[in-house]
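Asks: Model the following, please.
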Amino acid sequence: MAIVIEAFTVVVRNEAVQGRYPGGEETFQANIPNGTFCTDGVLSRVGFMVDQDAAEYLNELGSLGLEVRDGSDAVICDAMEGLTRPPCEWLQVGRYQKACIAWLKGERVETIVGPTGWNPDEETLTYATKEEAMRRLRFLRNEGHVQVFWDTVSGKEVYVGRTGPPLEELFDKAGPMVTANLRNPGSPVDASKAVVLNRAIEMLEIIDDKAPGNWRICWLLGKAWHALGRSDRAYEWLMKAFEHEKEETVIPRELSGICLELGKGAEAARVSEYAVGCEPNSPELIGNLAVAYLIDGRIKEAETTIQAALRRNPKDPVNQTLQRLIGEVAKGKRSQPKNLFELTGVKMP
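Replies: Take a look at the predicted model:
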């Protein structure tokens, strides 16, 4: 017995499903994410058109108790390359007519089992390397869980099925939902924006879970939590963004504001100093650094720094106000603020 391999196919040993998958084979089949399942009684397969979707499904099997890290229970078969990831000793991969097939090592191949509609005489899928796809295909639109591209070589539309919404689609939806509902550090929270922001957070966390390490996702998550008044969560995400990307000054600028809300004056100063180092002539960033020094109790440095900011733009109303406030603290006419809310007079969320 053998099973058909198409595109990126996850192949699972049935004995592993019966012994380790919660609920056994019945639950395993009920949880198949698409209509490509088939089994020859020894092996089961689930096909995907995109490598990332196959990898996510394999990881899901691993989280449910199957051993996938060394390929003991399940692997991904690449029909184009004829290889498995990770390499394994129990599966053999070969060709039958126009099809790629796989079978348990040592088994005799007399019957080939494929998903509904499979025909060994027809090549239903067209394969391309990532490099070739990037060169040939131009994205047109999303139709549900199907991405539609224009093949510039064949002059035809190409369809790529996904098991869930493409991450790019989630990003395109969530990004504007956050940026349209931002809150400035030290300002009040608008409770009417909570539904939209929570939905954006759900989508962005899906992206971060499936493709971690993108500073833009971390930055948007930080700004979304900040808009909800959760400066603690905003701090966590903006710190992750800062760890991933050191060249974008928008990150330390926003992170500094969150630190000031939380009363982390020393950390706000450190982050603001980094931002000013990247843009030494920015009155806004220098003004932010002056506020950080003020909240950290470094009054003399705050006075000197706000003067430097005003030399670059003497008519900046925000920095003019900051100079007055810093001067009042220096003269003892105002108590030193411990966080940004004490400075602005806005009630903490």
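
Asks: which ones are touching residue 54?
Replies: 8-10, 48, 76 (Cβ atoms under 8 Å, 6 or more residues apart in numbering). Backbone N, C-alpha and C define where each C-beta goes, glycine included.

Asks: From residue 85, how far out is it?
Replies: Distance of residue 54 to residue 85, computed by Cβ to Cβ, to the nearest Å: 9 Å.

Asks: Show me whatever sits in contact with both of those two.
Replies: Overlap between the contact sets of residue 54 and residue 85, as judged by Cβ under 8 Å, 6+ apart, is given by residue 76.

Asks: can you map out the strands along the stretch 51-200 of the chain?
Replies: Counting by DSSP state E, counting those that start in this stretch, the segments of the stretch 51-200 of the chain that form strands are 74-78, 83-85, 91-96, 99-104, 112-113, 137-143, 146-151, 156-161.

Asks: Residue 235 - nearest residue in space that isn't next to it in sequence?
Replies: residue 258 (4.9 Å; Cβ to Cβ, 6 or more residues apart in numbering).

Asks: okay, now that neighbour: neighbour count?
Replies: Using other Cβ atoms under 10 Å, residue 258 has 27 neighbouring residues.

Asks: same check, this time on residue 309
Replies: Residue 309: 25 surrounding residues under other Cβ under 10 Å.

Asks: In contact with residue 114: list those residues for me.
Replies: 3-4, 38, 99, 120.

Asks: now the residues you listed as CSV including distance to residue 92, neighbour count and pLDDT?
Replies: Converted to CSV, these look like this (distance: Cβ to Cβ, whole Å; neighbours: other Cβ atoms under 10 Å; pLDDT from 0 to 100):
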residue, distance to residue 92, neighbour count, pLDDT
3, 11, 26, 91
4, 14, 22, 88
38, 18, 16, 90
99, 14, 21, 78
120, 18, 13, 61
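
Asks: Taking these together, which two end up most distant?
Replies: Maximum pairwise distance among the contacts of residue 114 (Cβ to Cβ): 13.7 Å, between 38 and 120.

Asks: Pull out the buried residues from stretch 200-220.
Replies: 200-201, 203-208, 214-220 (16 or more other Cβ atoms under 10 Å).

Asks: Show me which of the residues you listed is closest to residue 172.
Replies: Using Cβ to Cβ, the buried residues of stretch 200-220 come closest to residue 172 at residue 203, 9.8 Å.
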